[in-house]
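**Q** quick check, what structure comes out for this input:
(chains A and B)
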Number of protein chains: 2
Amino acid sequence: MGAREVGLPETVGGGGLPDRVTIWEVGPRDGLQNESAVVPVATKLEFLDRLADAGAAVLEATSFVHPKWVPQLADAEELLAGLDRRDGVDYPVLVPNERGLERALAAGVRHVAIFASATGTFARRNLNRSLDEQFAMFDPVVARAKAEGLAVRGYVSMCFGDPWEGAVGRDQVVGVGKRLLDMGCDQLSLGDTIGVATPGQVTALLAAFGGVERLAVHFHDTYGQALANTLAALQAGVTTVDSSAGGLGGCPYAESATGNLATEDLVWMLDGLGVAHGVDLDKLADTSAWMAERLGRPSPSRVVRALRG
Amino acid sequence: MGAREVGLPETVGGGGLPDRVTIWEVGPRDGLQNESAVVPVATKLEFLDRLADAGAAVLEATSFVHPKWVPQLADAEELLAGLDRRDGVDYPVLVPNERGLERALAAGVRHVAIFASATGTFARRNLNRSLDEQFAMFDPVVARAKAEGLAVRGYVSMCFGDPWEGAVGRDQVVGVGKRLLDMGCDQLSLGDTIGVATPGQVTALLAAFGGVERLAVHFHDTYGQALANTLAALQAGVTTVDSSAGGLGGCPYAESATGNLATEDLVWMLDGLGVAHGVDLDKLADTSAWMAERLGRPSPSRVVRALRG
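**A** Now for the predicted structure:
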């Protein structure tokens, strides 16, 4: 059944929502890096092609993390060499350090993302650095990327809660985020890496930054809160939302951190709200159903299950 | 892992949300009536006991629909005879017609719900009545129930979309709802029976009623929108929210209408927002995990899977 064949109400916007949102599609990177099996590069390339065909504006393509840590994305060079880059589609990649940035530059990348932590424990576990030391690692990466004319995104993980530390102070998150912006990051992606946040916390954190122009949100659906949190972020004026086709992915270093917000579930809401985004839901759901077949398990996206289950 | 052992941020309310919400638990009725296998009455009674132990304030216990149509709840009399009614817990039951009401009265019920449709097609399919004819069926039921001093809820299904008719006009929904209120219903439960609604539509429908004091909402998570829609309803001042323990249930007469909003996912959000409701999340998740075992399949609730998966 096509998405438009069910009994859809007419579009009704909410008060004060943005007219348009950029969906930052993380499935090819954040999704596939969490698969236990390595997906063949040809399948990854077809996934990226299909997502571009479906209208994706931003496709986070891969990561230049050392293959020892993320063997699932060890084919980053091969992937980018084979990628059919479309006009108007942005293909950022994750770079953990200077070595990763060199590899990305050699592969012709024009947009990179670094991955910081809002908490000391996760910085130690994920980066082997203290909360402060992580900046010493990122500083030369961002400086070099900016000198090369690249756009730079700064991910901030564990913004709403940390499985080891519990609650995370908003001041601490804002402090980490502002250091990344001061360093030269063009945008921050505020991550609820373990999916514990609720909408009031989202509203409060965004307000604590004193302006959302350079803020994106990255919600995990571990506790089913991702879309409600996204609504709160949209109501606060956020215009970039991270999501993963079919709900692929999570975080391999945090046990309970399964389930990115599914792009289809986000698209369903944005379509109903009349917020433009450019993605064709039917093509996207076809793509996620196709990828779920390749991965050998059903998509966790409610929309994909309802339309293609 | 207990719900409080993960890294929960502190409670932060949203602007203008209610201080307290009544969770109308529909799992024992709306959930179990959709099971292909009939659940033994002893299991149903233990389910109700456990939900009461977890702090449920309203437990929709069963239905007096003719057993030919809903064999899963053919044990309504036996269930109510065996029910350990707790002080302070309300046990409403569904009654489709005068015969059902007589059975409910004989069983000592003090709160009943009737089930109306916002669309002609669903009234025909579910009730074998036209949109107008359904009122002729309900009128004597509500009159008799009120004369007996019972509280009466009126469900309105297909409020946001209908799988056969598509979009449903807000005027039509308000018209059906107001006829039920004029008839004597104390509360309406506005149902998104096929789960297609998005938050702007919720806000608009609630506004079209011109006051939410007597309105409850009943969202299905078919397209992952239930909790975002609930947030919109809370923001509009709604203080009664229907949900189903573990996300049990759906609607047997509408193919795509699977998945009530899971009570656990709702509770997670309300806890984070600081909205009081009285339910203990750990006990509730234990109950849903226990029921999922009895039903032989995992709970669709994200929270139950994260905490008890």
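
**Q** OK, contacts around the closest residue to residue A:283 other than its chain neighbours?
**A** Spatial nearest neighbour of residue A:283, chain neighbours left out: residue A:54 (3.8 Å); criterion: Cβ to Cβ, 6 or more residues apart in numbering or on different chains. Backbone N, C-alpha and C define where each C-beta goes, glycine included. Contacts here follow Cβ atoms under 8 Å, 6 or more residues apart in numbering or on different chains; on that basis residue A:54 touches A:279-280, A:283-284, A:287.

**Q** tabulate the residues you listed (JSON lines), appending neighbour count, pLDDT and distance to residue A:111.
**A** Below are the contacts of residue A:54 laid out as JSON lines (neighbours: other Cβ atoms under 10 Å in any protein chain shown; pLDDT from 0 to 100; distance: Cβ to Cβ, whole Å):
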{"residue": "A:279", "neighbour count": "22", "pLDDT": "98", "distance to residue A:111": "19"}
{"residue": "A:280", "neighbour count": "15", "pLDDT": "97", "distance to residue A:111": "23"}
{"residue": "A:283", "neighbour count": "16", "pLDDT": "98", "distance to residue A:111": "24"}
{"residue": "A:284", "neighbour count": "30", "pLDDT": "98", "distance to residue A:111": "22"}
{"residue": "A:287", "neighbour count": "26", "pLDDT": "98", "distance to residue A:111": "22"}
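
**Q** what ranges do the helices span in the stretch 151-300 of chain A?
**A** For the stretch 151-300 of chain A, applying DSSP state H, counting those that start in this stretch gives helices covering A:170-183, A:199-209, A:226-235, A:263-273, A:281-295.

**Q** count the residues that sit near whatever residue of the stretch 51-200 of chain A ends up closest to chain B.
**A** Closest contact between the stretch 51-200 of chain A and chain B, by Cβ to the nearest Cβ, is at residue A:198 (2.6 Å). Using other Cβ atoms under 10 Å in any protein chain shown, residue A:198 is surrounded by 30 other residues.

**Q** now the closest residue to it other than its chain neighbours: how far from residue B:235?
**A** In this structure, residue A:198 finds its nearest non-sequential neighbour in residue B:272, 2.6 Å apart by Cβ to Cβ, 6+ apart. Separation of residue B:272 from residue B:235 (Cβ to Cβ, to the nearest Å): 15 Å.

**Q** residue A:39 too?
**A** Residue A:39 is 41 Å from residue B:235, where distance means Cβ to Cβ.

**Q** okay, those two: which has more neighbours?
**A** residue B:235 (23 against 19).

**Q** so who does that one touch?
**A** If you count contacts by Cβ under 8 Å, 6+ apart, residue B:235 has them with B:14-17, B:203.

**Q** could you dump the helices of the stretch 151-300 of chain A to JSON lines with distance to residue B:10?
**A** As requested, the helices of the stretch 151-300 of chain A are arranged in JSON lines below (distance: least, Cβ to Cβ, whole Å):
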{"stretch": "helix A:170-183", "distance to residue B:10": "9"}
{"stretch": "helix A:199-209", "distance to residue B:10": "8"}
{"stretch": "helix A:226-235", "distance to residue B:10": "16"}
{"stretch": "helix A:263-273", "distance to residue B:10": "27"}
{"stretch": "helix A:281-295", "distance to residue B:10": "35"}
